[in-house]
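Asker: sequence and computational prediction follow.
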Amino acid sequence: MPIRIIQLGSDRAPGEGLRIGTVRRPPRGVPKAEFASRNYYDVWYPELSPQAELMAQAQESIKLRAAGQTAQADKLWQQFEKQFRKQLAEPAAEHTLALLAALSQSSAFALGCYCEDENHCHRSILRSLLAGKGAAIEN
């Protein structure tokens with residue numbers, strides 16, 4: 001049962017299983033009791049989200065890209081990716097990624113973030129790291 005990498009708030013796929021929110025903050029204006037029913041997440045796991053300073057850097061990259069400043073955006077994104085990979089190389093995060101990779105062989109679950117474009121979202125990095133640990137990941 002491969003891991004699904006999804007956008008939080010999107011419709012759930014049949015058999016998706018547990019939805020894990022890898023975001024720094026809960027959804028704004030949504031009561032906690034409604035996170036799951038509104039398709040955000042069943043379990044919040046901010047330890048797999050970028051630290052606040054890194055998140056600001058990623059958001060700045062997205063703004064630059066939207067403004068047509070792709071060279072600057074790409075440079076900032078590369079810096080973000082390097083720092084986020086460093087954050088996820090810490091022992092606790094490494095153990096979590098290894099656990100998720102192992103669970104992907106027998107359990108249905110999804111990891112997600114709010115970003116629309118996975119290519120410019122930390123979940124693309126999570127996808128890469130999990131694949132490197134042998135996780136079964138849905139394309």
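Answerer: Arrived safely, thanks for sending.

Asker: helix or strand next in line after the longest helix out of those in the chain, which one?
Answerer: Using DSSP state H to define each element, the chain has its longest helix at helix 70-88. Later in the chain than helix 70-88, the nearest helix or strand by DSSP states H and E is helix 91-103.

Asker: the following helix or strand past that next one: how far from the chain's middle?
Answerer: Of the helices and strands lying after helix 91-103 in sequence (DSSP H and E), the nearest is strand 109-113. Taking Cα atoms, centre = their mean, to the nearest Å, one finds the center of strand 109-113 at 7 Å from the center of the full chain.

Asker: tell me what strand 109-113 is packed against?
Answerer: Strand 109-113 is packed against strand 4-7, strand 18-21, helix 91-103, helix 122-132, with contacts defined by 3 or more Cβ pairs under 8 Å, 6 or more residues apart in numbering; DSSP states H and E. For every residue, glycine as well, the C-beta is placed using N, CA and C.

Asker: tell me the buried residues in the last one?
Answerer: Meaning helix 122-132. By 16 or more other Cβ atoms under 10 Å, the buried positions in helix 122-132 come out as His122, Arg123, Ser124, Ile125, Leu126, Arg127, Leu129, Leu130.

Asker: quick test: name the residue nearest the centre of the protein.
Answerer: Arg123 (3.1 Å; Cα atoms, centre = their mean).

Asker: so what sits opposite the closest residue to that residue other than its chain neighbours in the bridge?
Answerer: Nearest residue to Arg123, sequence neighbours excluded (Cβ to Cβ, 6 or more residues apart in numbering): Cys113, at 4.8 Å. Using DSSP bridges, the beta-bridge partners of Cys113 come out as Gln7.

Asker: cool, Ile20 as well?
Answerer: With DSSP bridges as the rule, Ile20 is bridged to Val43, Leu111.

Asker: and for it, the neighbour number?
Answerer: 20 (other Cβ atoms under 10 Å).
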